[in-house]
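Visitor: I would like to see how this sequence folds:
(chains A and B)
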Amino acid sequence: MSPLDLLVAVPLALMIAALLLGTWVRWLLLTAIPVMAGLTVWLLLLPEGSAHVVGDWNLPLGVQLRADGVAQLMVGAMAACASIVGLYALHEFAPGPDRSETAHGYAFWPLFYLLWGGANAGFLSTDLFNLYIALEMVSLAAVAMAAMGSLRAALRYFVIALVGSLAYLLGVALLFANYATVDVTLLAEMARPDLATKTALAVMTAGLLIKAAVFPLHGWLPPAHAAAPAPASALLSAIVVKVGFVILLRLWFEAFPAIVAPAGLEVLGWLGALAVLYGSVQAIRQDSLKALVAYSTVAQIGYLLLAFPLVATAAGSGGAWAGMTIHAIAHMLAKAAMFLAAGLMLKAVNGHRLKDLHGLARAMPLTVAAFGLAAVSLMGLPPSAGFIAKFLLLEAAVEQGAVFAAAVLIVGGLMAAVYLFNPLAWTFAGSDTPVVEATAPLRTAAPLALALLAVSLGFAGQAMVDVAASATSARLPAAVAVDVR
Amino acid sequence: MTLAFDMILCLMIVGTAAAALLMRNALAAIVFFIVLGNLLGLAWLAMDAVNVAMAEIAIGAGVTGVLLILTRQRLMALGDDLVSAEMPGWLRTGALVACAGFAALIGSAVLSVAPADDLGGSIAALMPGLGIENPVTGVLLAFRAYDTLLEAFVLLGALVAVWSLAPRGAWPQRPAALALAENGGHGVAAAFGRLLLPLALVMAAYLVWAGSDLPGGAFQAGTVLAGGLIIAAIGGAVSWPRADDRYLRVALVLGPAVFLIIGLAGIAQGRFLFYPPGFEKALIVAIEYSLALSIGVTLALQVAGPPVAPDHEG
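Guide: Got it, this is the predicted structure:
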């Protein structure tokens, strides 16, 4: 037995149960949370570099699942995020007043488990075609969730996401024709800098940049993420874009580090820098709270790409690698917290603009505190996980003399402070206390828990650095894949 | 002879594709698109990829064609005149140049790949152990069963996504009936649908069984079943079920559920999706039959669309 397949199989089983359960569907979550938590702990306890193939079929034909540091951290953060967002969603995606089914109340939960299983599949597989299917699972659930807010934004997202999928798939086909395998650990040993490989790498990267909403291919993200219901926005911004990012890591740093030219890494780094600056400027300019948070995602994704040239060939080790990985999970937790908190605040004031938040800190202190704590991590203030990530990246940039990257890291942090202080300032404005409807304790607790996690993970900085560094470098040759039977 | 056939086929493919793109009349463009799908199917046949050919014709030409025709009908009902906005010349030229450049890049990349040994050898070596002869089924249901399992859930998720679009008050009603615009065609469709559905059922059952050794399998069978259901629904021989119909929901999840349960049972034997020796063919056929049913129903309901409020039906 192994958690590597159960982490995907269990959410899929839950999806089937969700489709059959009718009005009881939401209570399935109370089974899902402990089971998935147990599997995640099991994953974290696996010995370094645990891997096995699915079924009885070895590489190059079969599919390999593997627990490396990135997978362990991402699956762990995913479990925390999905569990807490799920608890928050219990109220939002519920049966109608007379206990009748509603379209959203019924459809959300199967999509939720599809997203969970798909994201785990994307973090755990080393097979580029299998990763394509994982990407499809996640994108499909994401588009459907976005459509629960704005059909127009979701349709746009859908078309762009399809282009991304097709570009990625085209690259997979080229790689398969060229190497007769699509497993990243095998490709790493065979990589040749020929035209087919370079073309494949280019189109796959373009497809993944769309999926990860990297500037200038981010256009679909702000309208889709801003319009969706709060739990859906949280899942979209926290998780969905990270799946594309992790596949990008597999491609650039695992399969083809030998043929990736420094110039290519530089280009991705530049795109990241532009994303940080552009996303931040746009976030500062927004008048609507959810659009601000969505543009902040565009900026925060930028840091992940900014780290690419800093990581260079030292994948799996070094401060930049750990910083990039920790940034990914810190953003996951903080952004989910922020979208949930924003959802509660906007619902309470029945508006969407920053000035609607006037004085809200006095009416819902805990929710505003959750927003503030999430902001602490996004800005990279100590002691948050966001701080550890930015600190590691900054250290690597200074060590390597990457003055520009260091400057972007500092300026980006300052701009984040500007756009995140603005809504907070509104919540403290004036002296009157707006009257708002009380929120259920569980819903108040959800963003607070996520934000506290994002901040307190900073104290586990060294542990996260150790996990992030494990196993990616110790890749397994196909023949000695650990047999767990 | 073969070369001449291939050349003519290529010319026809490029010609119909261009016609589908350039036609101003939406219906004509759709018809050319369907023809294109069929020609592509022929091209796959010419390359001995029978499974791909069947999928291309059934999904690429058949189901997609139905979807496009239905879309046109609904757009016309909404008062859309179906004329695309005039594009500026520079945009057309730019798009043409960009597409041609991209095609040249991909073409040269494809041609630069040396015809190396693919996995055919290692697949052939493993096939006898499965007790089936169709290597495509071997790949889909054994060697890469994990991919296929996840795909089955993608398809199911796509239907949930379609359902989630149900307008307020419509859940859990039935999808809108697929009525033909012209009344004259109704009688033909009704008679044809009654005739075709049982045929489609038999053919789907045969395709799954044959799929073990010959081209065919769950996906092709599911598509045939979906085609039969759609045509029967257009003719009024069957009506769409309510979205909360218990039997419907069981039919939808049956295939993915059987696949997943067999996969999880493999853990007791050693590993996820491990088939115990001697039972490979039995398990594969069981998965395929249940998958074919679920795929057929899922595809048909995806074409049917989200539930609508009863007064909007028709």
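
Visitor: Low-confidence stretches in the stretch 101-250 of chain B?
Guide: Regions of the stretch 101-250 of chain B meeting the criterion pLDDT under 70 cover residues B:116-117, B:179-185.

Visitor: quick one: residue A:209 from chain B, how far?
Guide: The gap separating residue A:209 from chain B is 16 Å, by CB to the nearest CB, to the nearest Å. The C-beta positions use only the backbone N, C-alpha and C, and glycine is treated the same way.

Visitor: Ok, residue A:350 next?
Guide: Residue A:350 is 19 Å from chain B, by CB to the nearest CB.

Visitor: who's in contact with the residue lying closest to that residue once chain neighbours are set aside?
Guide: Excluding the flanking residues, the one nearest residue A:350 by CB to CB, 6 or more residues apart in numbering or on different chains is residue A:356, at 7.8 Å. When contacts are counted by CB atoms under 8 Å, 6 or more residues apart in numbering or on different chains, residue A:356 touches A:289, A:346, A:349-350.

Visitor: per-residue confidence at residue A:356?
Guide: What the model reports as pLDDT for residue A:356 is 91.

Visitor: pretty sure it belongs to a strand, no?
Guide: No: looking at residue A:356 with DSSP: H, G, I helix; E, B strand; the rest coil, it is helix, so not inside a strand.

Visitor: returning to that earlier point: only the buried subset of the contacts of residue A:356, as a ChimeraX command please.
Guide: Command for ChimeraX that selects the buried part of the contacts of residue A:356, burial taken from 16 or more other CB atoms under 10 Å in any protein chain shown:
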select /A:289,346,349
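
Visitor: Let's have the contacts of residue A:356 in a markdown table, adding pLDDT, distance to residue A:327 and secondary structure.
Guide: Listed next are those as a markdown table, based on pLDDT from 0 to 100; distance: CB to CB, whole Å; DSSP: H, G, I helix; E, B strand; the rest coil:
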| residue | pLDDT | distance to residue A:327 | secondary structure |
| --- | --- | --- | --- |
| A:289 | 95 | 23 | helix |
| A:346 | 93 | 27 | helix |
| A:349 | 91 | 32 | helix |
| A:350 | 90 | 35 | coil |
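
Visitor: what's the closest of the contacts of residue A:356 to chain B?
Guide: Of all the contacts of residue A:356, residue A:350 has the smallest distance to chain B: 19.2 Å, by CB to the nearest CB.

Visitor: if we can go back for a sec, can you put the contacts of residue A:356 in TSV and add distance to residue B:219?
Guide: TSV is the format used below for the contacts of residue A:356 (distance: CB to CB, whole Å):
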residue	distance to residue B:219
A:289	45
A:346	44
A:349	50
A:350	48
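
Visitor: Out of the contacts of residue A:356, the closest to residue A:196 would be?
Guide: residue A:289 (47.0 Å; CB to CB).

Visitor: quick one, what contacts the closest one?
Guide: Neighbour list for residue A:289: A:342, A:345-346, A:352-354, A:356-357, A:423 [criterion: CB under 8 Å, 6+ apart].

Visitor: let's see it at 10 Å
Guide: Contact analysis of residue A:289 by CB atoms under 10 Å, 6 or more residues apart in numbering or on different chains lists A:226, A:338-339, A:341-343, A:345-346, A:349, A:351-357, A:371, A:422-423, A:426.

Visitor: coming back round to it: taking the contacts of residue A:356 together, which two end up most distant?
Guide: Most distant of the contacts of residue A:356, by CB to CB, are A:289 and A:350, 12.7 Å apart.

Visitor: Now do residue A:326, the pLDDT please.
Guide: Value for residue A:326, per-residue pLDDT: 94.

Visitor: Surely it and residue A:392 touch.
Guide: Yes: applying CB atoms under 10 Å, one finds residue A:326 in contact with residue A:392, separated by 6.9 Å.

Visitor: Now do the shared contacts for those two.
Guide: The contact lists of residue A:326 and residue A:392 share A:461, A:464-465, A:468, where a contact means CB under 10 Å, 6+ apart.

Visitor: which of those has the most neighbours?
Guide: Compared across the shared contacts of residue A:326 and residue A:392, residue A:468 has the highest neighbour count, 27 neighbours, by other CB atoms under 10 Å in any protein chain shown.

Visitor: Quick check: the gap between that one and chain B.
Guide: When residue A:468 is compared with chain B (using CB to the nearest CB), they lie 26 Å apart.

Visitor: export the helix or strand that residue falls within as PDB, just CAs?
Guide: According to DSSP states H and E, residue A:468 maps onto helix A:461-469. C-alpha atoms of helix A:461-469 as PDB (Å, rounded to 0.1, in the frame of the first residue of the first chain):
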ATOM      1  CA  GLY A 461      11.200  27.400   8.100                       C
ATOM      2  CA  GLN A 462      14.100  25.000   8.500                       C
ATOM      3  CA  ALA A 463      11.900  22.000   8.300                       C
ATOM      4  CA  MET A 464      10.300  23.200   5.100                       C
ATOM      5  CA  VAL A 465      13.700  23.900   3.600                       C
ATOM      6  CA  ASP A 466      14.800  20.400   4.400                       C
ATOM      7  CA  VAL A 467      11.600  18.800   2.900                       C
ATOM      8  CA  ALA A 468      11.800  21.000  -0.200                       C
ATOM      9  CA  ALA A 469      15.400  20.000  -0.800                       C
END
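
Visitor: Could you look up the SS state of the closest residue to residue A:56 other than its chain neighbours?
Guide: Among residues not flanking residue A:56 along the chain, residue B:274 sits closest, at 5.4 Å (CB to CB, 6+ apart). Here residue B:274 is coil, with the state taken from three-state DSSP.

Visitor: what's the answer for the one 3 residues further on, then?
Guide: Using three-state DSSP, the secondary structure recorded for residue B:277 is coil.

Visitor: From what I see, it and residue B:266 are in contact.
Guide: No: counting by CB under 10 Å, residue B:266 is not a contact partner of residue B:277; they are 11.9 Å apart.

Visitor: shared neighbours of those two, which are they?
Guide: What both residue B:277 and residue B:266 touch, as defined by CB under 10 Å, 6+ apart, is the set residue A:56.

Visitor: And for residue A:159, the neighbour number?
Guide: There are 12 residues near residue A:159, going by other CB under 10 Å.

Visitor: Run a quick neighbour tally on residue B:124.
Guide: 11.

Visitor: Next: residue B:310.
Guide: Count around residue B:310 with other CB under 10 Å applied: 11.

Visitor: domain ranges for chain B?
Guide: The record's domain parsing of chain B by automatic domain parsing lists B:1-79, B:119-314.

Visitor: Quick check: phi and psi on residue B:160?
Guide: Phi and psi for residue B:160, reported as degrees, to the nearest 10, are phi -60, psi -40.

Visitor: Identify the residues contacting it.
Guide: A:15, A:18-19, A:106-111, A:114, A:140-141, A:144, B:252, B:298.
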